[in-house]
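Colleague: Here is my input, please return the structure:
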Amino acid sequence: MKSRILLLFCIFLGLWGLLLARAARLQIFPDVRLENLKRRQFETSLEIHTRRGAILDRNGNELAASIPSYSLFADPKLITNTSEFAKKLGRVIGINPKDLKKRIHDHERRFVWLRRQLPEKMKHDVEALGEPGLGFIEEPKRVYPNGSLLSQVLGFVGSEGNGLEGLELQYDKSLRGRLKQVLLPRDARGRPLLSDARSLTEVPDGSDLELTIDHEIQFQLERDLQNAVEKYGAQGAVGVVLDAQTSEIQAMATVPVVDLNDGTHYPPEQRRNRVVTDAFEAGSVMKTFAIAGALKEGILRPSTRYNCEGGHLKVGDKWIKEAEAHDKFEWLTVTEILAKSSNVGAAKIAFDLGDERLMRALTDFGFGSKTGVELPGEARGIINPLPWRPHLLANIAFGHGIAVSPMQVAAAYATIANGGVLKKPLLVKAIHTHSGDQPQEFQAEEVRRVLTPSQAATMRLMLTAATEDTGTGASARIPGYFVAGKTGTAEKVDTVHGGYMKGAYVSSFAGFVPANNPRYVIYIAVDNPRKSYYGGQVAAPVFARMAQYLVRRVGLPPVQISERNVILSDNERERSHAQEAALKDLKRETENTQHGGFPNLVGLSLREALARVHAEASAIDVHGYGVVTRTIPVAGAALDPKSRVTLILDNP
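Modeller: Got it, this is the predicted structure:
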């Protein structure tokens, strides 16, 4: 008996020793498997986004921001009567009770999202129910303080905080920062002990974007486009405003707009930023670049004359006609071809230039390539490969048979405005991080030189002719300022049946102001206006309203226009007494010309000077820009009809 008791004692003692050794091992040496088991039992985790960075305009005004919101979750194991629970909670948070019940009942985990990003009032309403098993996590919600302003450019985010359109998509990685893991501890019954994660999400990790956009200019542009759509019964409109010297985008709009705070409820075609994504036949605004290409190649000068054949030119078995049947132009100078928008004249210039050189001119101005603007979905446009049949060559010269985007057109006109350099349009000015690092800043990038400064100045002057009384863009003028630009009226392509849609047009105007010292480039295009369709009637007045707003907003002084159309700015009014005397004696010098003497052109604008001598000279060379300071031959010299005249211009 004693031996049996001793044996049992030894066995129990050994077992207790093993248990003590095991306990000591568990206490002293951690077990990874048990640690994971403990965490699964007493903690749950989820990943949420940190606060998304803001998007600001060039003056620091918020265009997109993040505010606190409250995301509701539940522990299904703590919910007893799911039907009653779903009925009460569904009424408060706006979810069908059947869907809510299914979500709770079918979920096997101890954590399930019920609804994300509730407003604070709804959070208080949920808490007032007093239902067990509910909790909140504070996480950021994206809001757009200006509603629909700059909508297709900004884009918006989805319920999970990811960018879905526009800049929100393009810069999603920078804006949203890193994902953070939130740990939710539970008690022994599995109930969450943390009601929100405010301490983990207070500091915004996402970077802020500073744009080149001016929100006041943007508002004005959208309003003017919307007014044009309503006035002319149009399907929509687009517009862009660039800084003429840097190509910074100060406004970019597509109408109709989208309310970004409810962006997912709009159709995809309305959310598209048509300024960069859509390519279409732009019409006569493209004549500018055919003429610029011919000027660069030395084929023509502003005073070169073309026979416009009475408005009808047969090319192969087809006819090139003017936009208006009553336009029966005969001989026109290149400047007049641009001003009166002669299709026949543009076609003849294209024939002189040839398809290879016209192709080179268009690609030099950026057509057929992306501009590189920082937005998703940018279109390259369409330029048919060489060789071009004669009829296609003629069509391309006046903007048909080639597809371009509004951003490409604006960037190309900025090339002429800034002195001949194609620049990449700039939208994002800087990226500011919250880590204390220096902001990443961006500046305009030069792509290539397209025209010499003298050639660009000549084109600027020629483009002012289109806004004169006899030009197609007369309604683009603004009182007291010199405006340069070109109208466009293009038939819309029928992408379903081919050819062109009957009675459907795109009306446009592209230009810059002030023409003598460009500050802003503006492009306006109105899609399928019903009550009128010519670019000079529909788009040019929108350009004029925008241009007038811009020059007055920045306080640009108006110019004085004399009865002889000599433009004098406030600074130019201080020109020398000799120049003023020359202007007063203009009539006397005109009489000298009639008797064979070369007139005194000193002090005149290039437009005035060309009007005085183009009929008497075989060729005219122009150097510089501003007003005429010297001529070859000098005033009073004999002028042979075959003489070559040189005009030297400068800003006094």
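
Colleague: so residue 486, which of the three states?
Modeller: Reducing the assignment at residue 486 to three states with DSSP: H, G, I helix; E, B strand; the rest coil gives strand.

Colleague: One more: residue 234?
Modeller: coil.

Colleague: That one: neighbour count?
Modeller: Residue 234 has 24 neighbours, counted by other Cβ atoms under 10 Å. Backbone N, C-alpha and C define where each C-beta goes, glycine included.

Colleague: Excluding chain neighbours, what is closest to it?
Modeller: residue 529 (4.2 Å; Cβ to Cβ, 6 or more residues apart in numbering).

Colleague: Would you confirm that the one you found contacts residue 503?
Modeller: No: at 10.7 Å, residue 529 and residue 503 do not qualify as touching, with contact defined as Cβ atoms under 8 Å.

Colleague: Looking at those two, which has the bigger crowd around it?
Modeller: residue 529 (24 against 10).

Colleague: residues touching the more buried one, list them.
Modeller: By Cβ atoms under 8 Å, 6 or more residues apart in numbering, the residues touching residue 529 are 228, 232-234, 505, 507, 538.

Colleague: now the strands for the stretch 401-550 of the chain?
Modeller: With DSSP state E, counting those that start in this stretch as the criterion, the stretch 401-550 of the chain has strands at 402-403, 421-424, 428-432, 440-441, 445-449, 484-493, 500-513, 520-527.

Colleague: Relative to residue 113, which of these is closest?
Modeller: For residue 113, the closest of the strands of the stretch 401-550 of the chain is strand 428-432, at 31.5 Å, according to Cβ to Cβ.

Colleague: Would you mind listing the buried residues in the closest one?
Modeller: For strand 428-432, burial by neighbour count (16 or more other Cβ atoms under 10 Å) applies to 428-432.

Colleague: do the same with stretch 76-85
Modeller: Residues 76, 79, 82, 85 are the ones in stretch 76-85 that count as buried (16+ other Cβ under 10 Å).

Colleague: and the gap between the last one and residue 466?
Modeller: Spelled out, that is residue 85. Remark: distance between residue 85 and residue 466 (Cβ to Cβ, to the nearest Å) = 71 Å.

Colleague: How about residue 555?
Modeller: 27 Å.

Colleague: So which of these two has more stuff around it?
Modeller: residue 466 (29 against 6).

Colleague: so that one touches residue 342, yeah?
Modeller: No: applying Cβ under 8 Å, one finds residue 466 not in contact with residue 342, separated by 11.5 Å.

Colleague: that older thread, so which of the strands of the stretch 401-550 of the chain gets nearest residue 318?
Modeller: Nearest of the strands of the stretch 401-550 of the chain (Cβ to Cβ): strand 500-513, 14.0 Å.

Colleague: And that closest one, how far out from the chain middle?
Modeller: 18 Å (Cα atoms, centre = their mean, to the nearest Å).

Colleague: who are the neighbours of that strand, in terms of helices and strands?
Modeller: helix 406-417, strand 484-493, strand 520-527, helix 535-553 (3 or more Cβ pairs under 8 Å, 6 or more residues apart in numbering; DSSP states H and E).

Colleague: Now with 10 Å, please.
Modeller: The contact analysis (3 or more Cβ pairs under 10 Å, 6 or more residues apart in numbering; DSSP states H and E) places strand 500-513 against strand 236-243, helix 406-417, helix 453-464, strand 484-493, strand 520-527, helix 535-553.

Colleague: So which of the buried residues of strand 428-432 sits lowest on pLDDT?
Modeller: Ranked by pLDDT, the buried residues of strand 428-432 bottom out at residue 432, which has 92.

Colleague: ranking the strands of the stretch 401-550 of the chain by burial, who's on top?
Modeller: strand 520-527 (a mean of 29; mean count of other Cβ atoms under 10 Å).

Colleague: What degree of burial does the closest residue to residue 541 other than its chain neighbours show, as a neighbour count?
Modeller: Excluding the flanking residues, the one nearest residue 541 by Cβ to Cβ, 6+ apart is residue 475, at 5.1 Å. Applying other Cβ under 10 Å, we find 20 residues neighbouring residue 475.

Colleague: mind checking how far residue 475 is from residue 113?
Modeller: Distance from residue 475 to residue 113, counting by Cβ to Cβ: 57 Å.

Colleague: any idea where the strands of the stretch 1-150 of the chain begin and end?
Modeller: Under DSSP E, counting those that start in this stretch, the stretch 1-150 of the chain gives strands at 43-49, 55-56, 62-74, 112-118, 134-143.

Colleague: Can you tell me which of those is most buried?
Modeller: Most buried of the strands of the stretch 1-150 of the chain, by mean neighbour count (mean count of other Cβ under 10 Å): strand 55-56, with a mean of 24.

Colleague: Can you spell out which helices and strands pack onto it?
Modeller: Contact partners of strand 55-56 among helices and strands, from 3+ Cβ pairs under 10 Å, 6+ apart: strand 62-74, helix 166-170, strand 208-211, strand 428-432.

Colleague: Can you lay out the ones you listed as TSV showing distance to residue 491?
Modeller: Compiled in TSV, these are given as follows (distance: least, Cβ to Cβ, whole Å):
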stretch	distance to residue 491
strand 62-74	37
helix 166-170	30
strand 208-211	35
strand 428-432	36
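
Colleague: To residue 142, which of the ones you listed lies closest?
Modeller: Comparing the helices and strands packed on strand 55-56 by Cβ to Cβ, strand 62-74 comes nearest, at 5.8 Å.

Colleague: which residues sit in contact with the residue nearest the centre of the chain?
Modeller: Closest to where the C-alpha atoms of the chain average out (Cα atoms, centre = their mean) is residue 252, at 4.3 Å. Residue 252 sits next to 150, 152-153, 211-213, 217-218, 221-222, 238-242, 273, 275-276, 373, 375, 406-407, 410, 425, 427, 523 when contact means Cβ atoms under 10 Å, 6 or more residues apart in numbering.

Colleague: Using PDB, write down the CA coordinates of the host helix or strand of it.
Modeller: Using DSSP states H and E, residue 252 sits within strand 249-255. The C-alpha trace of strand 249-255 is given here as PDB (Å, rounded to 0.1, in the frame of the first residue of the first chain):
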ATOM      1  CA  ILE A 249      -3.600  77.400 -67.100                       C
ATOM      2  CA  GLN A 250      -5.700  80.000 -65.300                       C
ATOM      3  CA  ALA A 251      -9.100  78.500 -66.100                       C
ATOM      4  CA  MET A 252     -10.300  75.400 -67.900                       C
ATOM      5  CA  ALA A 253     -14.000  74.600 -68.200                       C
ATOM      6  CA  THR A 254     -16.500  72.100 -69.700                       C
ATOM      7  CA  VAL A 255     -20.200  72.800 -69.600                       C
END
